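Peer 1: sequence-free structure coming up:
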C-alpha cells in the first residue's frame, strides 16, 4: 500500500501513528503536518490520480485537490466493503476492498465488481 507518494516537488505520506497527512520538501529529512482532521476516518492508502490525490480511509474513498490539506468524500458507500488499496491500471481506477476487487470508470464515484 502506498503510504508515501511523490506529488510534484513534495513527498506526501500517511503518518499511521498519528493518522495525519504529512509532507516533505527535502526528500523526507523533515516532515510537516498538512492534515490532522479525524473526520475523514483512518487513512490507509494514497494514490496520485491526475491532479488529485485519492485516499482510502476507514470511511471510504476521499479526494483532495489541494495537496492533501482538505479531503472530500468520493465514495462513502459500505456496500463495497472496506477500501484497502487503490491503483490505476491505465484505463480504470481499481480498488481492493474487504469484499474483493472493484473497478470504477467514473473517478471512483461508483464501483463494479471485477
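Peer 2: Thanks, I have it. For clarity, every value in this text was computed on a predicted model and none was experimentally measured.

Peer 1: Residue ranges in the protein under the pLDDT threshold?
Peer 2: 1-2 (pLDDT under 70).

Peer 1: ok, now how distant is the residue of the chain positioned farthest from its centre from residue 11?
Peer 2: Here the chain reaches farthest from its C-alpha mean at residue 29, the gap being 22.7 Å by Cα atoms, centre = their mean. Separation of residue 29 from residue 11 (Cβ to Cβ, to the nearest Å): 10 Å. All C-beta spots, glycine's among them, are computed from the backbone N, C-alpha and C.

Peer 1: What ranges does the protein have for its strands?
Peer 2: 4-7, 10-15, 20-24, 32-35, 43-49, 52-57, 60-64, 72-75, 83-88, 93-97, 100-104, 112-113 (DSSP state E).

Peer 1: Packing partners of the longest one?
Peer 2: Secondary-structure packing of strand 43-49 (3 or more Cβ pairs under 8 Å, 6 or more residues apart in numbering; DSSP states H and E): strand 4-7, strand 10-15, strand 52-57, strand 83-88.

Peer 1: Out of the ones you listed, which is the most enclosed?
Peer 2: A comparison of these by mean neighbour count, using mean count of other Cβ atoms under 10 Å, puts strand 52-57 on top with a mean of 23.

Peer 1: Within the sheet, what are the partner strands of that strand, with directions?
Peer 2: strand 43-49 (antiparallel), strand 60-64 (antiparallel) (DSSP bridges).
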